[in-house]
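In: next comes the sequence, and after it the predicted model I'd like to discuss.
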Amino acid sequence: MTLILRLALALMLLGPGPVLAQDLQPALQAEAERVERASRRHVEEVLETLAANGSPNLQPFLEAWQDKGVVRAEDGLFYYGQREGDVWALTDIDSGAEAGTVDRRAARQLKPNAGVRGVIAAALVQFQLSDPRPGARRAALASLERDPDAALLPALRASIEDEPDPAIRALKTDLERRLTARFGEDPAARIAAIDRLGASVQDRAVLSRILATDRIVAEGGAAPEGAIVAGPSDLDEAERLALLVEAGLAPAPVTRMARDMALTVAITDGMVAGRPVATLESEAARWEAYEALAAGGAARPRPAEAAIAEALASHAVLDIYREADAGVIAAAEAASAAQSARLARHGAVDLGLDALSLASIYFLAAIGLAVTFGVMGVINMAHGEFIMIGAYTGYVVQTIIPDYTLSLIVALPLAFCTAGLAGVALERLVIRHLMHRPLETLLATFGISVALQQIAKNVFGTQARPLTSPDWLAGSWIISDAISISWIRVAIFVLALVFLAAIVALLRRTRLGLEVRAVTQNPGMAASMGIDPGRIGMLTFGLGSGIAGVAGVAIGLYAQVTSEMGAGYIVQSFMTVVVGGVGSVFGTLAGAGLIGGLQKGIEWLNPSNTLAAQTFMILFIIAFIQIRPRGIVPQKGRFAQ
Amino acid sequence: MSALLEVSGVSKSFDGFKAIDGLSFAIGEPEMRAVIGPNGAGKTTFMDLVTGKTRPDSGTIRWGERILDLTRLSESRIAREGIGRKFQKPTVFEDQSVWENLALALRAVRRPLRVLARAGADPERIPALAADVGLKGALDRRAGELSHGQKQWLEIGMLLASEPRLLLVDEPAAGMTPSEREKTTTILREAAKTRAVVVVEHDMEFVRRLNCRVTVLHEGRVLAEGSLDHVTADPQVIDVYLGRG
Amino acid sequence: MTRTPLIRRPDVIAVLSCLAVLTLGATLMAEAGLISTSFVKTLGKTLCLCLAAVAMDLVWGYTGILSLGHMAFFGIGGYAIGMWLMRARTEDVVAAQLAQRPLPPTPAEVDQAAATQIFGVVGSDTFPWMWVFADMLWVQLLAVVLVPGLLALVFGWLAFRSRVTGVYLSILTQAGTLALSLWLFQNDSGLRGNNGLSGLQNIPGLTHVPQSTLSLWFLWASAAALGGFYVLARWTVAARFGSALRAIRDDEARLRFLGYDVEGFKLVVFTGTSMACGVAGALYYPQAGIVNPAEIAPIASIYLAVWVAIGGRGHLWGAILGAAAVSLLSSWFTGGGAPDIDLGVYVIRWTDWWLVLLGLGFVAVTLLAPQGLAGLVLRLARRRPEAPARTLEAARAEPGE
């Protein structure tokens, strides 16, 4: 590899300074045979000679050579050759002038093999690192990143200083640090580079390369001289035995398959090793028969258990570092641990954001239910279908108004009105007539829910309908490589905050709110003070259903609109209300936070299994209700029951 | 005579409002006691505390010879220990017949599996009980169809059927005609011959007819105790009743 | 019980004789080729659903606990028997295949091959722990009643103890049911995830009996189970126990002040009915052929409540009426039996609109006829649509000593 180093130095001399216009052809002629029939074995030497010539035409020549664009004519000279039908159009290598055409058979194309092309490419990188075109420099860096080479480190370092583009310069500095960490000239330099490594994917990849291990069978249990042991391997006994057998350090056991094969082959007239085949219906009988076969020499004998145990005991399977320098390993381990800790912190933040957005969705889905449940004491099983109505309203609006931003602005209030009106209708037509029969209300609203779901299915079909978000909501807010949150979720969070503020203001600052709170706390007393509970019930039902409609638009933006989407949220919404405490806005908020956080938390503990996460969450809630039957924020007073 | 029920230093507050404030009360067996007091004096809360519906914040409620602490027992356990309660509003099982109501109340095993296996309960006593409370002809009627006064008596009949040692009766005379009141008085006085009876009442005339010791509650505390004449002569009581009553 | 007047009650006589007529009639018509095997199975399955509905009526109509989880117990019963059906049958099939090999199969090989056959779809080749006894019929038969019973006992104890009642309790049962079905939906639940258990119509050891005969056997078994449970349920709600249940429904606090351990009563009813549902499921799924987690989803239990409500709560036979009417109508409408209605601009296809009709019809029943079909029947019979009042004589004749 010293060759490439020298080559690089030569190129550097050529670099920016005044260039002595040297022709390349003479140098090529000097090595003509070895250029024409380049082999992996000589090509480095050839390149060295060519570089020593110092011609500025070397880079284009190498590129053309690599692309099989060089021919040697009958006169023995090399040209750039362009195949045009049956002839080669030749170009002079040094002057770049056209040199006429020759018959296809009058020139031989240079076809370097893959090995040779690789060497040429590596040499070319050095040119490219200082190429005047920024794109070429970036490409060279990317190529070097993909295929790092210790030999190119000096070239890279040298190219940093004169790099005019600050962005590319930063890339080069980063890459230099990574290459130094891996290939630096002395451990101290490498450790310094390791300590400066950042958190990027590439930097982490460098660390894992440095910390790469090999699995070896240690005869006698001790590691070979000079090897640094990362630790014993985590293999079980069977896997270790397989490795030992492979290394010839333990006798190969007879597998059950081999045994059965041997037995099958040895069947003659329904007998094996003097036993009837029909008796071989247990493991023990088969082994016995096999051992009888082996004793007769018809099969390989089973190795003694003791020999296998002895082999396992006397050899260890170890993971040893490929890296030989203990200081470098220690530095890399420390850096890696720091990286993991940082990743874990960012992961926790990311999880928190996820939980927050899930909680916002639950809050939006449940707050309407909480209001109606609190005021009227009835469970509305059709609440989920109001979410669906809102989402389909958004979808219909989008098919009419093609501008996504405008349609969203229209859809939100329209969804509120549609779902709200549906809620008022439900209250007037059904719920009002089932006063004080909460269980029947639950079932009647379930009937409504079934009917609405099926109507939606009949009208809009069973396939999911998209609700496309405007461009400014597309994509994610990327905070770091481990923390990102989609803008839609941010928007849902904001929407939840707006609704929280609006509802709190409505309940605390308006006459309607006062009456609603009065009915929630003591309906009888409220009625005797001239508040019409029927009117309040209707209004709160409209309000609660309207919010569900808005929640439907929000949910439709990040999930899809189907006739069953409401059903998916209804149980979670109930849970949110029950856990939070009936009739309390802040209780619902707390419930949504708890359930959202819990669900994400459990998913984080067992990320492969969201179904199990939901199961555990529900079990937790059942347990929670044991402890706080009235929720986090219980209703107060003697009449609370 | 040792006390059957002994309430000592019991307090209970709801959201900062002290419904019962260091109340002490004792009753022996047999004895009749009337508890009077203005609205909000804590009469109903007192009954809730004794029957286990509400748990006190502090204080003890001791019961019987074995000196059980009622504050630790469940409502049903307290009832099984022999404390029966009649609510202010007549609460009977309206959807069931008078017979079924009485049968439910009969003193007998209460454990679900024993009940399922038809253990206990002597239905022969039911007609006699019904006769006692004047419902002999109404055994097959749905309780919901009875008049207000009949429901009150059915409830008293259910109380008697469970043969409690202590009867807590909340405003039995409310909404009754004078002749019905007369009858109620007779039933209660009869009951008090063999057991302890606590009557919470608003109506002084009714209390006078019961002719028993009177405890006056005010703001969750015992204001006065003694014969009706004694307590009505107490200036504090007069102040409370005239000033606020 | 030497003398039981229970059997002379008109509703008991009516139910038992209807069941007898149905099974005999179905048998004769099936033998004569007038009705198909699949229709016999539909009848048998309907009887199982009726059994679950009677249990639901006990727990909701009488005791007032609107459980939205009883079909989960039904499903568990199906899973419990399905494990045996599937394992025993697969082992038979696999053993027959392995017998073709030169060496006779070992038990371990049969086990392994059966496990691969059953669990290959969820990427496993060993039996999960809960299948340890799946090859023993009696264990799985015990599981049919014990697993639902135990689950109901634990859940009910937790819920009743903390005085969760009314809609809260309904929501809690619904959540518990959802948790169970989500858990079953996982591939590593040990019960084949969303594939469920299948091929349950093949009864191991009875492969030589044609399905047409088997379906009749199951019809008889289902009818016997329903009839037996009806008598048991009628006996349960007679006398003081039933009176206590209705008292819990109407005013449980009052009953507590009479000294009754309300939670204990609820627990007995909740657990007992869960076991009955397990039995119903164990009879249902061999006729259906497949059980999967979707069958356990909360919606199934809500439908059960709907059947009971349509049939009329508080009358055990009303539950049978509701379950039979709605589930048979449902299979008629969704099976394409009902003629489409052409409105000129739009054709109403009942396969699409049946659920709308059911949902709205149910709302109408709740609003206009809270007593359900039973109420209508009683009104037609010129009787008061309410719990039958008891005469002194009848009560004395009750075996209540």
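Out: Okay, I see it.

In: nearest spatial neighbour of the most centrally placed residue in chain C, skipping sequence neighbours?
Out: In chain C, the C-alpha nearest the mean C-alpha coordinate belongs to C:A52, at 3.3 Å (Cα atoms, centre = their mean). Once flanking residues are discounted, C:A52 sits nearest to C:A280: 4.5 Å by Cβ to Cβ, 6 or more residues apart in numbering or on different chains. Backbone N, C-alpha and C define where each C-beta goes, glycine included.

In: where does that neighbour land in three-state SS?
Out: helix (DSSP: H, G, I helix; E, B strand; the rest coil).

In: one more: A:G198?
Out: coil.

In: what about it, distance to chain B?
Out: Computed with Cβ to the nearest Cβ, to the nearest Å, the distance linking A:G198 and chain B is 58 Å.

In: burial count for C:V345?
Out: Neighbours of C:V345 under the rule other Cβ atoms under 10 Å in any protein chain shown: 5.

In: now do the phi/psi pair for residue 172.
Out: No chain specified, so I'll use chain A. Dihedral angles of A:K172 (phi, psi; degrees, to the nearest 10) stand at phi -60, psi -40.

In: hm, I was asking about chain B
Out: Backbone torsions for B:P172, taken as degrees, to the nearest 10, come to phi -70, psi -30.

In: burial measure for it, as a count.
Out: Residues near B:P172, counting by other Cβ under 10 Å: 26.

In: report the contact partners of it.
Out: Residues in contact with B:P172, defined by Cβ atoms under 8 Å, 6 or more residues apart in numbering or on different chains, are B:86, B:152, B:156, B:184, B:188, B:199, B:201.

In: can you put those residues in CSV and add pLDDT and neighbour count?
Out: Shown next, in CSV, are the contacts of B:P172 (pLDDT from 0 to 100; neighbours: other Cβ atoms under 10 Å in any protein chain shown):
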residue, pLDDT, neighbour count
B:K86, 85, 22
B:Q152, 84, 27
B:I156, 85, 23
B:T184, 84, 23
B:L188, 86, 23
B:V199, 90, 26
B:E201, 83, 21
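
In: of the residues you listed, which pair is most distant in space?
Out: B:I156 and B:E201 (14.1 Å; Cβ to Cβ).

In: after the helix or strand encompassing the residue nearest to the centre of chain C, next one along is what?
Out: In the assignment (DSSP states H and E), C:A52 maps to helix C:37-56. Downstream of helix C:37-56, the next assigned helix or strand under DSSP H and E is helix C:70-98.

In: buried sites along that following helix?
Out: Buried positions in helix C:70-98, judged by neighbour count with 16 or more other Cβ atoms under 10 Å in any protein chain shown: C:70-95, C:98.

In: contacts for whatever helix or strand A:A316 lives in next, please.
Out: Per DSSP H and E: A:A316 is located in strand A:315-321. Residues from elsewhere that reach strand A:315-321, judged by Cβ under 8 Å, 6+ apart: A:211-224, A:227-233, A:235, A:240, A:243-244, A:249-250, A:329.

In: before we move on, what about stretch A:286-300?
Out: Residues outside stretch A:286-300 that contact it (Cβ under 8 Å, 6+ apart): A:254, A:258-260, A:262-263, A:266, A:272-275, A:280, A:301-302, C:103, C:106.

In: for those, which one is nearest chain B?
Out: Lowest distance from chain B to the contacts of stretch A:286-300 (Cβ to the nearest Cβ) belongs to C:T106, with 48.8 Å.

In: picking up where we left off before, with just CA atoms, put the helix holding C:A52 into CSV.
Out: Provided in CSV are the C-alpha atoms of helix C:37-56 (Å, rounded to 0.1, in the frame of the first residue of the first chain):
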residue,chain,number,x,y,z
THR,C,37,-77.0,-31.0,7.6
SER,C,38,-76.0,-27.4,7.8
PHE,C,39,-79.5,-26.4,8.8
VAL,C,40,-79.4,-29.0,11.6
LYS,C,41,-76.1,-27.5,12.7
THR,C,42,-77.7,-24.0,12.6
LEU,C,43,-80.5,-25.3,14.8
GLY,C,44,-78.0,-26.8,17.2
LYS,C,45,-75.9,-23.7,17.4
THR,C,46,-79.0,-21.6,18.0
LEU,C,47,-79.9,-23.8,21.0
CYS,C,48,-76.4,-23.2,22.4
LEU,C,49,-76.8,-19.5,21.9
CYS,C,50,-80.2,-19.7,23.7
LEU,C,51,-78.4,-21.4,26.6
ALA,C,52,-76.0,-18.5,26.8
ALA,C,53,-78.9,-16.1,26.6
VAL,C,54,-80.6,-17.8,29.6
ALA,C,55,-77.4,-17.4,31.5
MET,C,56,-77.3,-13.8,30.5
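
In: that one: how far from the chain's middle?
Out: 8 Å (Cα atoms, centre = their mean, to the nearest Å).

In: who does that helix touch, helix- and strand-wise?
Out: Here helix C:37-56 touches helix C:10-31, helix C:70-98, helix C:211-237, helix C:262-288, helix C:298-311, helix C:316-334, going by 3 or more Cβ pairs under 8 Å, 6 or more residues apart in numbering or on different chains; DSSP states H and E.

In: and the angle from the first one to helix C:37-56?
Out: Right, the one you point to is helix C:10-31. Using axes from the mean of the first three to the mean of the last three Cα atoms, to 10 degrees, one finds that helix C:10-31 and helix C:37-56 are set 160 degrees apart in direction.

In: thinking again about what came up before, mean pLDDT and distance to A:S340 for the helices and strands packed on helix C:37-56 - can I get that in CSV?
Out: Supplementary listing: these in CSV, determined by pLDDT from 0 to 100; distance: least, Cβ to Cβ, whole Å:
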stretch, mean pLDDT, distance to A:S340
helix C:10-31, 93, 69
helix C:70-98, 93, 43
helix C:211-237, 94, 60
helix C:262-288, 96, 49
helix C:298-311, 91, 42
helix C:316-334, 91, 56
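
In: which one of those lies closest to A:L497?
Out: Nearest of the helices and strands packed on helix C:37-56 (Cβ to Cβ): helix C:298-311, 31.6 Å.

In: what about that closest one, near chain A?
Out: Yes: Helix C:298-311 is in contact with chain A by Cβ under 8 Å from any Cβ of the partner chain, via C:298-299, C:302, C:305-306, C:309.

In: for these, which single residue is the most surrounded?
Out: So for the residues of helix C:298-311 next to chain A (other Cβ under 10 Å), the most neighbours sit at C:A309, 32 neighbours.

In: so that residue versus C:H70, what's the distance?
Out: 14 Å (Cβ to Cβ, to the nearest Å).

In: how about B:L106?
Out: Between B:L106 and C:H70 the distance is 32 Å, computed by Cβ to Cβ.

In: find the closest residue to chain A in chain B.
Out: B:F14 (5.1 Å).

In: for chain C, what is the nearest residue in chain B?
Out: Closest point on chain B to chain C, by Cβ to the nearest Cβ, is B:A79, at 3.5 Å.

In: please name the nearest non-neighbouring residue to the residue of the stretch 51-200 of chain C found nearest chain A.
Out: Per Cβ to the nearest Cβ, C:A179 is where the stretch 51-200 of chain C lies closest to chain A, at 3.8 Å. Nearest residue to C:A179 in three dimensions, chain neighbours excluded: A:I618, at 3.8 Å (Cβ to Cβ, 6+ apart).

In: neighbours around that neighbour, how many?
Out: Neighbours around A:I618, by other Cβ under 10 Å: 25.

In: can I get stretch A:412-429 in CSV? Just the C-alpha atoms.
Out: Only the C-alpha atoms of stretch A:412-429 are listed here, as CSV (Å, rounded to 0.1, in the frame of the first residue of the first chain):
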residue,chain,number,x,y,z
LEU,A,412,-63.3,21.1,11.3
PRO,A,413,-66.3,23.3,12.0
LEU,A,414,-68.5,21.3,9.7
ALA,A,415,-67.6,18.1,11.4
PHE,A,416,-68.4,19.7,14.7
CYS,A,417,-71.8,20.7,13.4
THR,A,418,-72.6,17.4,11.7
ALA,A,419,-71.6,15.2,14.7
GLY,A,420,-73.2,17.7,17.1
LEU,A,421,-76.5,17.7,15.3
ALA,A,422,-76.4,13.9,15.2
GLY,A,423,-75.8,14.0,19.0
VAL,A,424,-78.7,16.3,19.6
ALA,A,425,-80.9,14.1,17.5
LEU,A,426,-79.8,11.1,19.5
GLU,A,427,-80.5,12.8,22.7
ARG,A,428,-84.0,14.0,21.7
LEU,A,429,-85.1,10.8,20.0
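
In: lovely, talk soon.
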